[in-house]
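Enquirer: Would you be able to build a 3D model of this:
(chains A and B)
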Amino acid sequence: MPTMPTLSDDIVIPKPKLITRETDPLHIIKTRQKTHGRPVTIAGPMVRYSKLPFRQLCREYDVDIVYSPMILAREYVRNEHARISDFSTNSEDTPLIVQVGVNNVADLLKFVEMVAPYCDGVGINCGCPIKEQIREGIGCALIYNPGLLCDMVRAVKGKYGDKLRIETKIRIHEELNETVNLCRELCEAGVDWITIHGRTRRTRSSQPANLDAIKYIIENIRDKNVPVIANGDCFKLSDLERITTYTGASGVMAVRGLLSNPALFAGYETCPWGCIEKFWYWVLEFGGLPFQLTLHHLYCMLESMDLRKPLLKEMMNLKNYISLIDWFDKTFYFKRFGEDEFGKAVEIPYKN
Amino acid sequence: MVEKSCSTGFRKPHGEKDQSVTKPISLDGRTGEVIVRKSTGKTKIRKGQTEEEYVQQLRHYLQVEKGPVRTEVGWMNEVDPLAEIRDGKYEISNKHQRQVLSGFCHRLFYQRKYEECLNLSNYLLGLFEPFNVKNKMKRELEELKYMIEQCHGQVL
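Expert: Numbers count the residues shown, from 1 in each chain, chains lettered A, B, ... in the order given. You can find the predicted model right below:
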């Protein structure tokens, strides 16, 4: 791996991962329409859930770019245990954007130095509405602090230039021209692309995303030539075309939609059974995913498939991996990796 | 007073205090020391990290941890968990490391390699039990016992 100049005598800091056409997220965003006849598809960051097995699963179903969960820079650069539990990867985990929660330039630069050799870009979380994060000046607090946000983008681009991609995922303001101004400032600071979630920090997810707002912002920053990704309410493949055509965005980021149906961009209206089998394989192949996270993933997917309610309830009462595997074997024709027809079924293969 | 046309995020509609947004105040740009606001409205200082402290973390990250955890497809085929335990690679008091070890068993069970799973889970049960202070590892131990029982049923 190529190296940067040494920081102290015995530490050699690896350079950021080499950008190639196949893995450069910006190149993919700009060329997907031409190469694949469709806009770019992105799996957004989900607290706890965008771990390696789920990222690999999404990639099997036409997701072009995948995000890690938000990682707190402050913890990552200070604590070995946080690093081990927050981020694992492998050679297939690409294109990958590592999303960071951060409230100052110093922590961001250190964080980027540590993760840049292992990912294809860094995204600054400016959309998380959780009050505990907002109080720390993290997440969507940053859209109300444009000076700091742009300083952070500028600092990363100043240090790495085109050797590292940096993105910001923002929510909209109550007053849309503020979002336009923020986006224009971000473009001037050097951001590579912007993801816009069409909700304010107070909009509930049960309310529809404001696509008109995204459209308005895109129209008003078009001269900056920085791609915009639309986020919010993408639940099926047709939403990809609908949202991008309406807003003028370069692509769509799905989050909740993919949690229920990781195969949505491959054209499945609900999660196919094969997706469940593949998820099991990735979870156990990589190891280390806490049981409750696996259970929640399976719940979301099986609920979207209209699994019989009593079975869903039965599953949620299980306490560990072994009883869950047993339950799958007892309830379904549950194929393992390597067996005929593994990962191919669409309907739920009930035994009874 | 905030102008009506400008959403600064600092407004407190309905007087709810958690509606306000924190702008951290930087105390030291080099270390990242900032003041943030607590839920009570009081401020607290988030300590910075000196260059020396960071270099120490970086050294550990690059030289000991070897970067982030990497789990390639088939990585469990390449290692012998029993040999690694004997070599002291795992700290059994660490929950994450115990989860990694249990992960070997889960995979064997999934692959229907019940005899191997039985051997390893028996070994792990003996290894983990002494660390069960105040019954905090109850679930982990119950899982190992359940796994042993299920494997026995499959092997016999």
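Enquirer: could you say which helix or strand contains the residue most central in space within chain B?
Expert: Closest residue to the average C-alpha location of chain B: B:His96 at 5.7 Å, with C-alpha atoms, centre = their mean. In the assignment (DSSP states H and E), B:His96 maps to helix B:95-110.
Enquirer: and the longest helix seen in chain B with helix B:95-110, angle?
Expert: When chain B is parsed with DSSP state H, its longest helix is helix B:138-155. Helix B:138-155 runs at 20 degrees relative to helix B:95-110, counting by axes from the mean of the first three to the mean of the last three C-alpha atoms, to 10 degrees.
Enquirer: returning to that earlier point: what is the helix holding B:His96 packed up against?
Expert: Secondary-structure packing of helix B:95-110 (3 or more C-beta pairs under 8 Å, 6 or more residues apart in numbering or on different chains; DSSP states H and E): helix A:80-86, helix A:273-286, helix A:321-331, helix B:81-86, helix B:114-128, helix B:138-155. C-beta: built from backbone N, CA, C; applies to glycine.
Enquirer: Same list, those helices, but as JSON lines with mean pLDDT please.
Expert: Converted to JSON lines, these look like this (pLDDT from 0 to 100):
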{"stretch": "helix A:80-86", "mean pLDDT": "94"}
{"stretch": "helix A:273-286", "mean pLDDT": "98"}
{"stretch": "helix A:321-331", "mean pLDDT": "97"}
{"stretch": "helix B:81-86", "mean pLDDT": "94"}
{"stretch": "helix B:114-128", "mean pLDDT": "96"}
{"stretch": "helix B:138-155", "mean pLDDT": "94"}
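Enquirer: if you compare the ones you listed, which one is most tucked away?
Expert: Using mean count of other C-beta atoms under 10 Å in any protein chain shown, the stretch among those with the greatest mean number of neighbours is helix A:273-286 (a mean of 23).
Enquirer: tell me what it is packed against?
Expert: Applying 3+ C-beta pairs under 8 Å, 6+ apart, we find helix A:273-286 packed against helix A:52-59, helix A:291-304, helix B:95-110.
Enquirer: quick one: it to helix A:52-59, angle?
Expert: Using the same axes, to 10 degrees, the inter-axis angle of helix A:273-286 relative to helix A:52-59 is 140 degrees.
Enquirer: how much does helix A:273-286 deviate in direction from helix A:321-331?
Expert: Using the same axes, to 10 degrees: helix A:273-286 against helix A:321-331 is 150 degrees.
Enquirer: Only alpha carbons, please: show helix A:273-286 as PDB.
Expert: These are the backbone C-alpha positions of helix A:273-286, laid out as PDB (Å, rounded to 0.1, in the frame of the first residue of the first chain):
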ATOM      1  CA  TRP A 273     -37.000 -15.200   0.200                       C
ATOM      2  CA  GLY A 274     -33.600 -15.600  -1.500                       C
ATOM      3  CA  CYS A 275     -32.600 -12.300   0.100                       C
ATOM      4  CA  ILE A 276     -33.200 -13.700   3.500                       C
ATOM      5  CA  GLU A 277     -31.100 -16.800   2.800                       C
ATOM      6  CA  LYS A 278     -28.300 -14.600   1.500                       C
ATOM      7  CA  PHE A 279     -28.500 -12.300   4.500                       C
ATOM      8  CA  TRP A 280     -28.100 -15.300   6.800                       C
ATOM      9  CA  TYR A 281     -25.100 -16.400   4.800                       C
ATOM     10  CA  TRP A 282     -23.300 -13.000   5.000                       C
ATOM     11  CA  VAL A 283     -24.100 -12.600   8.700                       C
ATOM     12  CA  LEU A 284     -22.600 -16.000   9.700                       C
ATOM     13  CA  GLU A 285     -19.800 -15.800   7.100                       C
ATOM     14  CA  PHE A 286     -18.400 -12.500   8.600                       C
END
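Enquirer: lowest-pLDDT helix or strand in chain A?
Expert: Lowest on mean pLDDT, DSSP states H and E among the helices and strands of chain A sits helix A:131-135, with a mean of 88.
Enquirer: same for that one, what does it pack against?
Expert: By 3+ C-beta pairs under 8 Å, 6+ apart, helix A:131-135 packs against no helix or strand.
Enquirer: buried ones in it?
Expert: Neighbour-count burial for helix A:131-135, with 16 or more other C-beta atoms under 10 Å in any protein chain shown as criterion, is recorded at A:Lys131, A:Gln133, A:Ile134, A:Arg135.
Enquirer: Need the residues that contact that helix.
Expert: Outside helix A:131-135, the residues that touch it by C-beta atoms under 8 Å, 6 or more residues apart in numbering or on different chains are A:101, A:128, A:139-141, A:201, B:18, B:21-22, B:36-39.
Enquirer: next one: stretch A:72-85
Expert: Contact partners of stretch A:72-85, identified using C-beta under 8 Å, 6+ apart, comprise A:86-87, A:100-103, A:107-108, A:110-111, A:114-115, A:138, B:32, B:46, B:49, B:53-54, B:57, B:60-61, B:65, B:68-69, B:96.
Enquirer: where does the stretch 151-300 of chain A dip in pLDDT?
Expert: Counting by pLDDT under 70, not a single residue of the stretch 151-300 of chain A qualifies.
Enquirer: For chain B, give me its nearest residue in it.
Expert: A:Gly287 (3.0 Å; C-beta to the nearest C-beta).
Enquirer: Isn't that residue up against B:Leu101?
Expert: No - using C-beta atoms under 8 Å, A:Gly287 is not in contact with B:Leu101, being 9.1 Å away.
Enquirer: Report the secondary structure state of B:Ile45.
Expert: strand (DSSP: H, G, I helix; E, B strand; the rest coil).
Enquirer: Tell me how far it lies from B:Val36.
Expert: Going from B:Ile45 to B:Val36 by C-beta to C-beta, to the nearest Å gives 8 Å.
Enquirer: B:Pro68: neighbouring residues, count only.
Expert: By the criterion of other C-beta atoms under 10 Å in any protein chain shown, B:Pro68 has 23 neighbours.
Enquirer: Excluding residues flanking it in the chain, which one is nearest it?
Expert: Residue nearest to B:Pro68 in three dimensions, not counting chain neighbours: A:Phe87, with 4.8 Å by C-beta to C-beta, 6 or more residues apart in numbering or on different chains.
Enquirer: residues contacting the one you found?
Expert: A:Ser68, A:Ile71, A:Tyr76, A:Val98, A:Val115, B:Pro68, B:Val69.
Enquirer: And B:His152, by the same measure?
Expert: Shown in contact with B:His152 (C-beta under 8 Å, 6+ apart): B:Leu118.
Enquirer: try A:Asp306
Expert: Contact analysis of A:Asp306 by C-beta under 8 Å, 6+ apart lists A:Thr270.
Enquirer: helix/strand/coil for A:Pro310?
Expert: What three-state DSSP gives for A:Pro310 is helix.
Enquirer: ok, how many other residues are close to it?
Expert: Using other C-beta under 10 Å, A:Pro310 has 8 neighbouring residues.
Enquirer: Quick one, grab the pLDDT at it.
Expert: pLDDT recorded at A:Pro310 is 96.
Enquirer: before we move on, what about B:Val21?
Expert: The model reports B:Val21 with a pLDDT of 72.
Enquirer: I'd assumed A:Gly139 was in contact with it.
Expert: No - with contacts counted by C-beta under 8 Å, B:Val21 stays clear of A:Gly139, the gap being 9.8 Å.
Enquirer: neighbour-wise, which of these two wins?
Expert: Applying other C-beta under 10 Å to B:Val21 and A:Gly139 shows that A:Gly139 carries more neighbours, namely 27 against 21.
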